[in-house]
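Asks: The following block contains a protein sequence and its predicted model.
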Amino acid sequence: MREEAKRLRRLWLWLTVGVVAAAALVATGVALGQRPVATPTVSPSDAASSSPSALPPRAEPDGCLGGAARDANMLAAAVNSAGNSQAGAVGVAASFVRWIQRFPYPTAQEAQQVGTSVLAKQSFTSDLPGYLAAKPDLSGGIVPSGTKYFMNTVPGVWYVESSNPDRVVVAIGSGYVIDGSLSSTLRSSITITLTLQDDRWTVADAKGVRTPAELYKLGHPFTRGC
């Protein structure tokens, strides 16, 4: 249990969060106020298959898949409606980010539901309720402790790192909504690994690989966000 707790702390410290000036990105690709974070090494298999994608999307990804709510029912609806396309996998990843990266945290009941029905059999944690009960800083220090916030995909982007019929690795960029206001500069970047199990996409991993500046330079906007 202690080793898993340490691993989970490292996992979310890897979540790449920072301040991105959108206008500066368009002009120069430079993010202002970027926070340095540890960046895990991408495995050769991921890097080799990242371009072109092995699984072309059937439609553009939906950043509001499952609906605008940020609860376990929304995430279940996203998984159930995603199908097995690459676009569906990207939509599920965005919905997972919207569900988990917020404060107040998801309830223990919701975490149990998501851990059972949405996480892969071999995922980044076997105890999602226990992890959230430890009160991790999922904003990486961007949002003051105890302040209400959640992530919004209206200014969101996505970038598929690698893809095959049963595994998709995608970076999801989203904007911080703090105390009810969508920030024009604060952006987050999380890379989600999804695996196809029982003909539906499940979340196998979540970590930081790209900075927000990198992701917003490479990424594609969602067809819609929430």
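Replies: Perfect, I can see it now.
Asks: Look up how far Pro221 lies from Val169.
Replies: 19 Å (Cβ to Cβ, to the nearest Å). Backbone N, C-alpha and C define where each C-beta goes, glycine included.
Asks: ok, those two, which is more surrounded?
Replies: Higher neighbour count among Val169 and Pro221: Val169, with 25 against 17, using other Cβ atoms under 10 Å.
Asks: So for stretch 112-131, what gets flagged as buried?
Replies: 113-115, 118-120, 123-125, 127-131 (16 or more other Cβ atoms under 10 Å).
Asks: With respect to Ser163, which of those residues is nearest?
Replies: Nearest to Ser163 among the buried residues of stretch 112-131, counting by Cβ to Cβ, is Ala120 at 16.1 Å.
Asks: What backbone torsions are found at that closest one?
Replies: phi -70, psi 160 (degrees, to the nearest 10).
Asks: Determine how far stretch 175-189 lies from the middle of the whole chain.
Replies: 15 Å (Cα atoms, centre = their mean, to the nearest Å).
Asks: now swap in stretch 174-181 and tell me
Replies: Centre to centre, stretch against its chain (Cα atoms, centre = their mean), the figure for stretch 174-181 is 15 Å.
Asks: do stretch 188-203 as well
Replies: 10 Å.
Asks: any idea how far Pro212 is from Leu218?
Replies: Counting by Cβ to Cβ - Leu218 and Pro212 are separated by 11 Å.
Asks: Name the SS class of Leu215, please.
Replies: helix (DSSP: H, G, I helix; E, B strand; the rest coil).
Asks: Let me know the pLDDT of it.
Replies: Confidence at Leu215, expressed as pLDDT, is 98.
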